[in-house]
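S.K.: Build me a model from this:
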Amino acid sequence: QVQLVESGGGLVQAGGSLRLSCTASGRTFSSYAMGWFRQAPGKEREFVARISWIIKGTYYSDSVKGRFTISRDNAKNSVYLQMNSLKPEDTAVYYCAADLKGYSSYADDYDYWGQGTQVTVSS
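M.R.: Residues are numbered from 1 along each chain as shown. Predicted coordinates for the structure are as follows:
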């Protein structure tokens, strides 16, 4: 079992920055990949970024590449999403998730999810 709790969402103006955090408990954090997803009203949940468990390789969706940075601190059981140059279209509920089996960009492959944190970017 893995429990995930996100924090750091809020309201920000376009061009601003936010840093999301996700803290895990349960299974050894350093043994699985982590991802961030988001879901805007009326839209499907979409992949944002992922990070592997040992070498900390990263991968991003085209829509956030160059603006967002995913990182993890295994000693703190935490994964982060630094979001810069935010745009109104980044407005969504952001979820962190744990992939215990691999290193995927597909939501269906993730085993555990946090409750989500709202990010709202005003124009």
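
S.K.: residue ranges of the strands in the protein, please?
M.R.: Assigned by DSSP state E, the strands in the chain fall at 2-7, 10-13, 18-26, 33-39, 46-51, 58-60, 68-73, 78-83, 92-99, 112-113, 117-122.

S.K.: can you tell me which of these comes nearest to residue 106?
M.R.: Comparison of the strands of the chain against residue 106 by Cβ to Cβ identifies strand 46-51 as nearest, at 7.2 Å. Just so you know, the C-beta spots here come from the backbone N, C-alpha and C atoms, and that holds for glycine as well.

S.K.: just so I know, which of the strands of the chain lies nearest residue 105?
M.R.: Per Cβ to Cβ, nearest to residue 105 of the strands of the chain: strand 46-51, 4.5 Å.

S.K.: Show me what that closest one packs onto, helices and strands only.
M.R.: strand 33-39, strand 58-60, strand 68-73, strand 78-83 (3 or more Cβ pairs under 8 Å, 6 or more residues apart in numbering; DSSP states H and E).

S.K.: how near is the residue nearest the centre of the chain to residue 108?
M.R.: Taking Cα atoms, centre = their mean, the centroid of the chain lies closest to residue 36, which sits 2.3 Å from it. Distance from residue 36 to residue 108, counting by Cβ to Cβ, to the nearest Å: 16 Å.

S.K.: can you check residue 69 too?
M.R.: Separation of residue 69 from residue 108 (Cβ to Cβ) stands at 25 Å.

S.K.: cool, and residue 32?
M.R.: 16 Å.

S.K.: The two: which has the busier surroundings?
M.R.: More neighbours surround residue 32 than the other of residue 32 and residue 108, with 20 against 6 (other Cβ atoms under 10 Å).

S.K.: now stretch 61-72, how far from the chain's geometric center?
M.R.: From the chain centre to the centre of stretch 61-72 is a distance of 9 Å (Cα atoms, centre = their mean, to the nearest Å).
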